[in-house]
Structures are given as C-alpha cells and as structure tokens.
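S.K.: take this sequence and fold it.
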Amino acid sequence: MTRIAILGYGTIGKGVAKMIDLLKDKYDLKLAKVLDLPSKKDELGDLLAANIDEIANDESIDIVVEVLGGNDFAYMCTKKCLLAKKSVVTANKEVVSNNIKELYKLAQENGVNYLFEASVGGGIPLIRPLIENIKINDITSICGILNGTTNYMLTKMQEDGLTFAEALKLAQVNGFAEADPSADLKGLDMVRKISILTNIAYKTYIDPKNVYHYGIENVTKDILADIKTRGYVLRFVAQSSLVGNDVTVRVEPTLVKPTHPFASVCNEFNSCMLDCTTNDKILFYGKGAGSIPTATAVAGDIIQIVENKAFYEYNPVNDYEVNKLSNNGNMYYVVGDTSDIKPDLSDEELSKYKFYARIF
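M.R.: Purely as a prediction, here's the structure:
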C-alpha cells in the first residue's frame, strides 16, 4: 500500500483527495494525513495533521502532495519531506520556479522524486512530454496561453460583452479565480510557468524575477472592440525563445489572427506550442484551471511513482543571458489618446501607453 499525505486542503487539495479515493483500489492507495488549519478538524477528523513534522517523521508515509500555494512555508515543507526521503508531488508553480535547482538536486540525493506536472498547464500533460522531447529535439521557442483564469475572463469579455469587473466576478464564482487574483491578472502566474518550461527546455536556470511581464488589468470593452475591427483576437500569452546564447522571456497581452491556433483556445482552456528542430511544431491543449483537471495531473505523477516509472531529468548545464535586448523586434498595438500599431518598441517606450499588446 502507498500512503499519501496532502499539504493543503483547499480547492486543489480536495480534488487530489477525490482522485486518491477514485484510484485507491486500482493502485492500492491510502490518504494517510492532511496538513491544514485546526479549523478543518470537523471536516478531516483524524486525518488532520497538527504540523509538518507529524508527516515528515511518519515513516509509513511514502508520497507527499504539496498544494499549499505561496512560497516560504511550502518550500520549507517540501524540503523537510525530501530530506525525510519522501517523494513530493506538487502543483505549486511558485515554489518550483523559484527553487527547482535545489529541490530537484535534493530529491536526487535522497533517492526520491520531485514531480510537478500540475505546476504548468493544469490538466495538460506537458512537463513529461517536454522532457522526453528534449532528448531528441532542441527547443527554440515556447509559446503558450498558460493561465485559465485570464483566458476565461478575456473569452467572456470578447464573446459575451462582459466588463472586466463582471468577467472577474464570474471567474471567481466558477472557481477559476482566487479571492486575490492579482498574480493571474498581472501575469505573475504565467511568469512562473514559462520560467519552469524555459528551464527544462533550454537546460538552464532562469530566475522568474528576470522575466518581463505586463498584465491585462487595463483591458476594456472599447479596446476589445477596436481590436476586433482590426481583425484580431486578444489573448494573454507567455513566450520564451532561444537564439544563440540569448534567451527572451516575456508575458504580455497578444493579438492573434482568427486563424491562429490560440484564437480558438477559450474559457479556462490552455494551450502551449513548442518549436522543435526535428518535430517542427508541437501543440498541447487542455483545461488549465479547476480542481479536477489540476488534481488529475497530480494523480498522474503519483501513479508514475507507484509504478516506478517516475523520471524527471533536469540538467541546468547552460548559462544564458536573459532579456538582453532592449528592443525585441515585435509589432505592437498601443493605446494612448488614440490606438495605433507600431514596430519594435522598447519596454521604456511601451510603459508610456495606457495599454499595449504584442502582435503575432
């Protein structure tokens, strides 16, 4: 029997518990402990762990699922569990993006696994296929809609005519947006995700603090109407590219033509496109937000460990310069007193506008 502990019993944690219950007979799984606040005692009963030591020091626990959110406490818990020789599965993109080098090495040293399929793309199998692809491909570009909350909001604004505030409220009601959605709206969530993909694909380490990002908080119905008249659809896109020893990583609102694959990625769905040296383009698509899609990715990592098939290879052998070029050669849609399309603007020039979006 494989005994599992869950750190965090929020939306994702509850989804993971459901998946464990669904798969318990097929894979001989048992939910042993859950770390959360004392207020969850009525809900969890004897499953509730008082502190992380109760889990880390329990030799009967094999796998720990970390879905706490945030960085510092989750990082401490993860490190303590890896040192206790327990495999850790996580959906926490902040901890992964900030600490991937240290935590991956720690897992290797202790003969356990550190798996994070659910940290990028929700329910889309993306991390493991990427790792398999770089064995035979060089990846030159990664481009993706990697946040279900903002994609859901933009869809509702463009297709249903909702205001920004109305779309955000609806996303919160449907469980796609947190009470504090700032990390999604400002692009920080996608910064963490694109940095994880970049680190794996280019065999390097990119600090998420060095990723340029501009959010969608200034999007209005009038802007979307103007974009439509120009023959485009607005999407919120993360992109990473490698040219020589220069890596460019940016998260920005982006205009795409209706014929572009991203134009049909709507609501809480995500998509990611890889440019490869031998496979040309590879496109991934699936639900990027919600309890069960994310919990499904977590469950997939758990089963990989149970079946002794878990193998993540992260080898940061390259040291690249990040966002070295001040001008990135793109066309931009800009909104000041009027709207216009301009080429090759620096970040300083872009900051002068009320809103801007890159054009694919």
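S.K.: any weak-confidence spans in the stretch 251-360 of the chain?
M.R.: Low-confidence segments of the stretch 251-360 of the chain (pLDDT under 70): 325-328.
S.K.: let me see the contact set for residue 88.
M.R.: 63-66, 78, 81-82, 103, 107, 112-115 (C-beta atoms under 8 Å, 6 or more residues apart in numbering). Every residue, glycine included, has its C-beta placed from N, CA and C.
S.K.: that one looks like it's in a strand, true?
M.R.: Yes: applying DSSP: H, G, I helix; E, B strand; the rest coil, one finds residue 88 inside a strand.
S.K.: for residue 61, see how far away it is.
M.R.: 11 Å (C-beta to C-beta, to the nearest Å).
S.K.: go on, residue 214?
M.R.: Looking at residue 214 against residue 61, where the rule is C-beta to C-beta, the gap reads 43 Å.
S.K.: tell me where this protein has helices.
M.R.: 11-27, 41-44, 52-56, 72-83, 93-109, 127-133, 148-160, 164-173, 182-185, 188-201, 221-229, 291-306, 347-350 (DSSP state H).
S.K.: could you give me the buried positions within the last one?
M.R.: Put plainly, it is helix 347-350. By neighbour count on 16 or more other C-beta atoms under 10 Å, the buried set for helix 347-350 is residue 350.
S.K.: nearest to residue 218 among the contacts of residue 88?
M.R.: Top of the list for closeness to residue 218, among the contacts of residue 88 and by C-beta to C-beta, is residue 66 at 34.2 Å.
S.K.: tell me the contacts of that closest one?
M.R.: Here residue 66 is in contact with 7-8, 74, 77-78, 81, 88-92, 95 (criterion: C-beta under 8 Å, 6+ apart).
S.K.: farthest pair within those?
M.R.: Every pair of the contacts of residue 66 checked by C-beta to C-beta; the farthest is 81 and 91, at 15.1 Å.
S.K.: one step back: for residue 265, find the nearest of the helices of the chain.
M.R.: helix 148-160 (6.6 Å).
S.K.: show the average pLDDT along that closest one.
M.R.: Averaged over helix 148-160, pLDDT sits at 96.
S.K.: what residues does that helix touch?
M.R.: 122, 145, 162-164, 166-168, 170-171, 174, 176-178, 181, 184-185, 189, 216, 219, 221, 224, 228, 233-236, 265-270, 287-290.
S.K.: so how far is that helix off the chain centroid?
M.R.: Put simply, helix 148-160 sits 18 Å off its chain's centre (C-alpha atoms, centre = their mean, to the nearest Å).
S.K.: pull out the buried residues from that helix.
M.R.: In helix 148-160, counting by 16+ other C-beta under 10 Å, buried: 148-158.
S.K.: now it against helix 188-201, angle please.
M.R.: Here helix 148-160 runs at an angle of 120 degrees relative to helix 188-201 (axes from the mean of the first three to the mean of the last three C-alpha atoms, to 10 degrees).
S.K.: residue 212 pairs with what?
M.R.: residue 250 (DSSP bridges).
S.K.: pretty sure it is touching residue 347, no?
M.R.: Yes: counting by C-beta atoms under 8 Å, residue 347 is a contact partner of residue 212 at 6.5 Å.
S.K.: adding pLDDT, write the contacts of residue 66 out as CSV.
M.R.: Shown next, in CSV, are these (pLDDT from 0 to 100):
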residue, pLDDT
7, 98
8, 97
74, 98
77, 98
78, 98
81, 98
88, 98
89, 98
90, 98
91, 96
92, 97
95, 98
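S.K.: just the closest of those residues to residue 301, please.
M.R.: For the contacts of residue 66, the nearest to residue 301 is residue 89 (4.4 Å; C-beta to C-beta).
S.K.: gap between residue 115 and residue 82?
M.R.: Taken as C-beta to C-beta, the span from residue 115 to residue 82 is 12 Å.
S.K.: residue 155 too?
M.R.: 39 Å.
S.K.: same check on residue 99?
M.R.: 11 Å.
S.K.: out of these two, which sits in the busier spot?
M.R.: More neighbours surround residue 82 than the other of residue 99 and residue 82, with 25 against 18 (other C-beta atoms under 10 Å).
S.K.: identify the residues contacting the residue nearest to the more buried one when sequence neighbours are not counted.
M.R.: Of all residues not flanking residue 82 in the chain, residue 106 sits nearest, at 4.7 Å (C-beta to C-beta, 6 or more residues apart in numbering). Contact partners of residue 106, counting by C-beta under 8 Å, 6+ apart, are 79, 82-83, 114.
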